[in-house]
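> Just to be clear, the model below is a prediction. Sequence and coordinates:
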Amino acid sequence: MTNIRHCGHTWLILLLTILLLPGLSARTQAEDDIKAHKTPPQRVRVGVYPFSPFAEYDDQGQLRGMAQRLIAILNQHQQQLTFEAVPVSPKRRYQAYLNQDVDAFLYENMKWGWARRNIDIRASQPYQSGGELYIAQAAPGRDQRFFEQLQQRHLVGILGYHYGFAGYNSDETFLRDNYQITLTWDNQKVLDLLQRGHGDVALMSEAYWQRFVQQNPAKASQFLVSEKYDQHYSHSILIRPQLLGQHQLDNLVREITRRRDFRQLILDYGISPHQ
């Protein structure tokens, strides 16, 4: 009799196990499916054009400068988006965006052609300040008056950049028709042309000039730097509106600018946070 009861209990346990096992397996499988199908971060292609020291490319075409480090900070801070750099030229950055080859830009400003072209792109609150200076070679008797009549000077600037003296019109035909100007590709080439006497006044980002002086203090006295600026500007993140709402974008900027690695970044380059 005891054996019969024991066998009965055993069969009951086996029956319950058989009945419950599919439910347990289904729940485990559902949990595995959720984990396996977790929404991956959305890819954001950041258009990066040479803009020293914010974005520079080495001889192997590898991105260097502040943009590289800011992209790393953005990726470390959040998991919703994955930012990656895509090389573009400053002149063709608008078309690259319209063609959906890129989705965002760092160290950018709506005044630099975006608003005038009425392009649908969202700008974050500013996170960094900067400006463009006039640089000339020092010479006996040369002082700040040298920068007063720019139309009488041979200028050296960068193709695709928007300068205050020209009303932010970056069209190279307009610039060459109205000014004596040589347009090249980056700040280092601008400075090289000035030093070789291929121009009278170079236009250069304050950030690049500060770094040049830090790295070459003995050469600073060879140049005359304007006290007035060609322009003051603020930097924002520009991004495709479908990727982030305005509130999300501004929150992201607020969060990253509070981070120690961002503060170290601007300190390393002698840059000013947004004032």
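Thanks, I have it. Numbering: from 1, shown residues only.

> May I have the distance across stretch 133-150, first residue to last?
Stretch 133-150 has its terminal residues 13 Å apart, counting by C-alpha to C-alpha, to the nearest Å.

> Same check on stretch 106-121?
13 Å.

> who touches that stretch?
46, 48, 51, 54-55, 66-67, 70-71, 94, 97-98, 123, 128, 161-162, 168, 170, 233-241 (C-beta atoms under 8 Å, 6 or more residues apart in numbering). Placement of C-beta: from N, CA and C, glycine included.

> can you list the weak-confidence ranges in this protein?
Within the chain, the ranges that satisfy pLDDT under 70 run 1-38, 272, 274-275.

> can you list the domain ranges for it.
42-129+234-273, 131-233 (automatic domain parsing).

> Show me how far the first one is from its chain's centre.
For domain 42-129+234-273, the separation from the chain centroid amounts to 2 Å (computed by C-alpha atoms, centre = their mean, to the nearest Å).

> Secondary structure element holding the residue most central in space within the chain?
Residue closest to the average C-alpha location in the chain (C-alpha atoms, centre = their mean): residue 106, at 2.1 Å. Assigned by DSSP states H and E, residue 106 falls within strand 104-108.

> Which parts of this protein are strands?
42-48, 56-57, 63-64, 81-87, 104-108, 122-123, 128-137, 154-158, 180-184, 201-205, 223-239, 272-273 (DSSP state E).

> what's in contact with the second one?
If I follow you right, that is strand 56-57. So strand 56-57 is contacted by 50, 63, 64, 65, 87, 186 (C-beta under 8 Å, 6+ apart).

> The first one and residue 138, how far apart?
Between residue 50 and residue 138 the distance is 27 Å, computed by C-beta to C-beta, to the nearest Å.

> the more surrounded of those two?
Set side by side, residue 50 and residue 138 show more neighbours around residue 50, with 22 against 12, by other C-beta atoms under 10 Å.

> mind checking how far the nearest residue in space to the more buried one that is not next to it in sequence is from residue 126?
Once flanking residues are discounted, residue 50 sits nearest to residue 186: 4.4 Å by C-beta to C-beta, 6 or more residues apart in numbering. According to C-beta to C-beta, residue 186 stands 24 Å off from residue 126.

> Ok, residue 191 next?
Relative to residue 126, and taking C-beta to C-beta, residue 191 is found at 27 Å.

> neighbour count winner among the two?
The neighbour count for residue 191 versus residue 126, taken as other C-beta under 10 Å, is higher for residue 191 (21 against 17).

> May I have the beta-bridge partners of the nearest residue to the more buried one once chain neighbours are set aside?
With C-beta to C-beta, 6+ apart as the criterion, residue 191 has its nearest non-adjacent residue at 6.3 Å, and that residue is residue 202. Residue 202 has the following beta-bridge partners by DSSP bridges: residue 135, residue 156.
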